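**Q** Output the structure for:
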Amino acid sequence: MLSEKQFLDSFMPHRYLVEILCKQIFEDEDMAKDSVQDIYLKLWQQRDSLDELQNPKAYLLRTARNHCLDELRKSHSYGKKQPVSDEILQIIPAGEKNVEEKLVLKETNEKLMKWIKKLKEPKYSLFVMAHFRHCSNDEIALSLGLSAVNVRVMLSRLRREARKICMD
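**A** Here you go, the predicted structure:
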């Protein structure tokens, strides 16, 4: 069993990383702060089994990530949260669009949103964080517990799929 001092020495120096991770996942400061408290409470309650950890920081970040994803799933906003689809239309250069072009853009947008909603984890979070929340690859890697190289490769493949859907 970890003593209070051992617990504080092992986990508290990394609190700022947990806060950053939670803020990136939730995009809501209050929810992130609540989650940080929940995570530390959960770890405190499990301190009997934590004395043999070789890397407390890694365990803490993995626990935080899993907790945040669980909370998102519980709130039903995760996976059902529709990214702001108007952002896709803003990519297209401004100017006069005829009715046919507008209809094609709307249909393409609908296909793309449908495809995004069907993505499984971690692809859904990765795509949304990159293209709707404008997170860097490093931020995405930290949030999802992936390597930056893995994020880059997955994004490349997802973009290829998205282009294919837009061209159909």
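**Q** Tell me who's in contact with the spatially closest residue to Arg152 that is not a sequence neighbour.
**A** In this structure, Arg152 finds its nearest non-sequential neighbour in Asn137, 5.6 Å apart by C-beta to C-beta, 6 or more residues apart in numbering. In this view, the C-beta of every residue, glycine as well, is placed from N, C-alpha and C. When the contact criterion is C-beta atoms under 8 Å, 6 or more residues apart in numbering, the partners of Asn137 are Ala130, Ala148, Val151, Arg152, Leu155.
**Q** swap in Arg159?
**A** So Arg159 contacts nothing (C-beta under 8 Å, 6+ apart).
**Q** Next one: it relative to Ser35, how far apart?
**A** With distances taken as C-beta to C-beta, to the nearest Å, Arg159 is found 30 Å from Ser35.
**Q** same thing with Leu144?
**A** Distance from Leu144 to Ser35, counting by C-beta to C-beta: 16 Å.
**Q** next structured bit after the helix or strand of the chain with the lowest mean pLDDT?
**A** Across the helices and strands of the chain, the lowest-confidence element by mean pLDDT, DSSP states H and E is helix 86-91, at a mean of 47. Counting by DSSP states H and E, the element after helix 86-91 in chain order, helix or strand, is helix 99-118.
**Q** Would you mark the buried spots in that following helix?
**A** Thr108, Asn109, Leu112, Trp115, Ile116 (16 or more other C-beta atoms under 10 Å).
**Q** Tally up the residues packed near the closest residue to the third one other than its chain neighbours, please.
**A** What that stands for is Leu112. Distance criterion C-beta to C-beta, 6+ apart; nearest residue to Leu112, sequence neighbours excluded, is Ile165 at 5.9 Å. By other C-beta atoms under 10 Å, 14 other residues sit near Ile165.
**Q** dump the residue contacts of Ile165.
**A** Going by C-beta under 8 Å, 6+ apart, Ile165 touches Lys111, Leu112, Trp115.
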